[in-house]
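Q: the amino acid sequence is not available; the structure is as follows:
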């Protein structure tokens, strides 16, 4: 790959995830503080737009980008429209007007996660070696966004509307920049459209493998407690008095980057089952630490709970993607990844978003929330998934391969 192309792709990834991280981390706090007459239920509904976008995304990418219009052109158009929608969100004070704009935005944004990957892969001769060095700039983008929000003190000053304006500016920049990216014409132009292929349903036959079926169900179940983290970590940290909470949360992405680098060493020594189990155990520990942490003597618990994000995400989701890739075979690799993404970010997190809001609202007190009681619920769910997984999962296929 030419150096100029590498720089282009890296900057594209940086902006793609800077845009998301600039407003998504503090979305719950924005809904509760900047919009009128809102509660935890509205926070869940707002985050639910991600799952809706994840379900619709394969249709946009599979139908339009793969068959009719070049990926870089669609990417540019979406981000230009997205800039206008984000700017509109920044000044809203009513949830009823805010929600439909956010929903439209997420339906448009979620497909861009696949588009930036597609544009990158088409420029690489060996994605397995080259992609990680490009994708890591996305993690940097998310980290920088969080650090900026913390440094500018937008959470404490109750000016989180500025996060949407910052994201809108970055979206406008990426929209214009996208038209300078390497041309990525439709790969399947003129071919017949298959809904099963678009949704990854061709890979459903993998569920005949008992081990993979258990992993698949565990993936859906573990995404339920994950929704609690996305929805309410920032409101929780701000409510208990942590300064620059969004900046502190970026430690999770720093941890994610570190554990991504050391994952190959753990994978060789531990194997699929233990890697997945460690990821789920980290989820249990994270929520227990949140339950008993505070900004005084147990401040360290909050920080460790945030830093555990690297193990929570990498050891479960990345290991799961590798496991899926090994079992899928050449014919269904793409379909299989699409299928598991639809199940986790679509079905699993949708369930989590729907139940987390009412649970948090039921623990509301005169002075805020009973956060200890709240966090022990996702901890219990993750612990139950872990125990069942350890008792039932047997990775016979990869054992034979080894």
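A: Nice, I can see it. Everything numeric here is computed off the predicted structure, so don't read it as measured data.
Q: what is the host helix or strand of residue 377 packed up against?
A: Using DSSP states H and E, the element containing residue 377 is helix 371-392. Here helix 371-392 touches helix 210-239, helix 245-292, helix 349-362, going by 3 or more CB pairs under 8 Å, 6 or more residues apart in numbering; DSSP states H and E. The C-beta positions use only the backbone N, C-alpha and C, and glycine is treated the same way.
Q: for the last one, what is the distance to the chain centroid?
A: In other words, helix 349-362. In terms of CA atoms, centre = their mean, to the nearest Å, the centre of helix 349-362 is set 17 Å apart from its chain centre.
Q: give me the angle between it and helix 371-392.
A: Interaxial angle, helix 349-362 versus helix 371-392 (axes from the mean of the first three to the mean of the last three CA atoms, to 10 degrees): 150 degrees.
Q: what about helix 349-362, average pLDDT?
A: Mean per-residue pLDDT for helix 349-362: 92.
Q: hmm, who's touching that helix?
A: Contacts with helix 349-362, where a contact means CB atoms under 8 Å, 6 or more residues apart in numbering, come from 39-45, 47-48, 50-52, 54-55, 220, 223-228, 230-232, 369, 374, 377-378.
Q: run the last query once more with 7 Å
A: For helix 349-362, the surrounding residues in contact (CB atoms under 7 Å, 6 or more residues apart in numbering) are 39-41, 43-45, 47-48, 50-51, 223-228, 231-232, 369, 374, 377.
Q: weed out the non-buried ones from these.
A: 40-41, 43-45, 47-48, 50-51, 223-228, 231-232, 369, 374, 377 (16 or more other CB atoms under 10 Å).
Q: and residue 36, its phi and psi?
A: Backbone torsions of residue 36, given as degrees, to the nearest 10, read phi -80, psi 140.
Q: measure it to residue 361 for me?
A: Distance, residue 36 to residue 361, using CB to CB, to the nearest Å: 17 Å.
Q: swap in residue 175?
A: Taken as CB to CB, the span from residue 175 to residue 361 is 37 Å.
Q: more crowded one of the two?
A: The residue with more neighbours, out of residue 175 and residue 361, is residue 175; 20 against 16, by other CB atoms under 10 Å.
Q: residues making contact with the helix or strand hosting the more buried one?
A: If you go by DSSP H and E, residue 175 is part of helix 161-178. Helix 161-178 is contacted from outside by 12, 15-16, 18-19, 22-23, 26, 34, 72, 75-76, 79-80, 82-83, 86-87, 89-91, 149, 154, using CB under 7 Å, 6+ apart.
Q: of those residues, grab the buried ones for ChimeraX.
A: Selection of buried members from these for ChimeraX, criterion 16+ other CB under 10 Å:
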select :12,15,16,18,19,22,23,26,34,72,75,76,79,80,82,83,86,87,89,90,149,154
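Q: show me what contacts residue 141?
A: The contact partners of residue 141, by CB under 7 Å, 6+ apart, come to 13-18, 21.
Q: what segments of the stretch 1-150 of the chain are helices?
A: Assigned by DSSP state H, counting those that start in this stretch, the stretch 1-150 of the chain shows helices spanning 3-24, 27-34, 40-59, 71-90, 95-121, 127-152.
Q: domain map for the chain?
A: Domain segmentation of the chain under automatic domain parsing yields 1-184, 199-395.
Q: where's the helix holding residue 175 relative to the chain centroid, distance-wise?
A: Its chain's C-alpha centre and that of helix 161-178 lie 19 Å apart, by CA atoms, centre = their mean.
Q: could you number the chain from 892 rather than 1 from now on?
A: From this message on, residue numbering opens at 892, which makes the last subject helix 1052-1069.
Q: which residues touch the spatially most central residue of the chain?
A: A centroid search over the chain (CA atoms, centre = their mean) returns residue 1236, at 7.6 Å, as the residue closest to the centre. Going by CB under 7 Å, 6+ apart, residue 1236 touches 942, 945.
Q: what score does residue 1227 have for pLDDT?
A: The score at residue 1227 is 66. That number is its pLDDT.
Q: where does the stretch 1092-1241 of the chain have low pLDDT?
A: Applying pLDDT under 70 to the stretch 1092-1241 of the chain flags residues 1092-1094, 1216, 1219-1229.
Q: change it to 80
A: 1092-1098, 1151-1156, 1158-1159, 1208-1234 (pLDDT under 80).
Q: how far away is the spatially closest residue to residue 1072 that is not a sequence neighbour from residue 1005?
A: In space, and not counting its chain neighbours, residue 1072 is closest to residue 963: 4.2 Å by CB to CB, 6 or more residues apart in numbering. According to CB to CB, residue 963 and residue 1005 sit 13 Å apart.
Q: also residue 1171?
A: Using CB to CB, residue 1171 is found at 26 Å from residue 1005.
Q: the two: who's more crowded?
A: Applying other CB under 10 Å to residue 1171 and residue 1005 shows that residue 1171 carries more neighbours, namely 23 against 20.
Q: who's in contact with the residue nearest to residue 1252 when sequence neighbours are not counted?
A: Among residues not flanking residue 1252 along the chain, residue 931 sits closest, at 4.0 Å (CB to CB, 6+ apart). Residue 931 sits next to 1248, 1251-1252 when contact means CB under 7 Å, 6+ apart.
Q: again, but for residue 1115
A: Contacts of residue 1115 by CB under 7 Å, 6+ apart are 1239, 1242-1243, 1272.
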